[in-house]
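Colleague: Next one to model:
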Amino acid sequence: MSKSDIFNIVHKRLENDLPHYLTYHDADHTKSVIERSIFLAEKERLIESDIELIKVAALYHDAGFMLGRENHEEKSCKLATKELPDFNFSKEQIKTICGMINATRIPQKTHNIYEDIVADADLFYLGTHTYEYYSNKLFQELRHFQPKITEKDWLKIQLDFLQSHKFHTKYGIEILAPVKKTHLMKLVKKWTKLVE
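Modeller: Residues are numbered from 1 along each chain as shown. Okay, the predicted model is just below:
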């Protein structure tokens, strides 16, 4: 099988095999992370062969959810390690891909520009006007696992998360971070009203 086949094959599996209650971590999320990874990689003027590895990491970054939610990044890496040799990826390339997958683990820790890109692509929405839409999708998903979670609990989780999160790429820092700050200020106002 050629390297270009991999996207259709894995994406089709994500559409069919991801649990229905994953309202945020669905096949559309993966597609969006791939697109944003390409966008950020091009902003960084990376070469085509590097972009190819970044796209594959983005494709697999949440594939582990097909095997379960806990440590899904680790499961994603195991899947990639098992499947990618069939598509002619070398051990070295797979190691680089796994590094990028692991960079999406929260809290994010990155070690190179490739990991910076996939980490920022994964949480790109934090710095866009779609923040509320995706935040609500994530809340719905979380409710499946924690039925007792309240809107107030979710507000606190989001507040803490946005305060601790940092973008890594130049584009993330210069363009996305200021927008994320406006979302954070809104959450702070909401929280202040709630606890007064």
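
Colleague: all helices for the protein, in order.
Modeller: Using DSSP state H, the helices of the chain run over residues 5-17, 27-43, 48-60, 72-83, 91-102, 113-122, 131-145, 151-164, 170-171, 177-195.

Colleague: To M66, which of those lies closest?
Modeller: Of all the helices of the chain, helix 5-17 sits nearest to M66, with 4.7 Å by CB to CB. For glycine as for every other residue, the C-beta is placed from the backbone atoms N, C-alpha and C.

Colleague: Now do that closest one and helix 27-43, the angle between them.
Modeller: 150 degrees (axes from the mean of the first three to the mean of the last three CA atoms, to 10 degrees).

Colleague: And helix 5-17, what does it pack against?
Modeller: Where contact means 3 or more CB pairs under 8 Å, 6 or more residues apart in numbering; DSSP states H and E, helix 5-17 is packed against helix 27-43, helix 48-60.

Colleague: just to revisit the earlier point, just name the most buried of the helices of the chain.
Modeller: Stretch with highest mean neighbour count among the helices of the chain: helix 113-122 (a mean of 25; mean count of other CB atoms under 10 Å).

Colleague: what angle do that one and helix 48-60 make?
Modeller: 40 degrees.

Colleague: Provide the contact partners of helix 113-122 at residue level.
Modeller: Applying CB atoms under 8 Å, 6 or more residues apart in numbering, the external contacts of helix 113-122 come out as 33-34, 36-37, 39-41, 44, 46, 50, 53-54, 57-58, 61, 96, 99-104, 108, 110, 167-169, 171-172, 176.

Colleague: swap in stretch 181-188?
Modeller: L126, Y131, E132, L155, Q158, L159, L162, Q163.

Colleague: doesn't H165 make contact with the first one?
Modeller: Yes. Because the distance of 6.5 Å satisfies CB atoms under 8 Å, L126 is recorded as touching H165.

Colleague: In terms of neighbours, single out the busier of those two.
Modeller: A count of neighbours by other CB atoms under 10 Å puts L126 above the other of L126 and H165, at 23 against 17.
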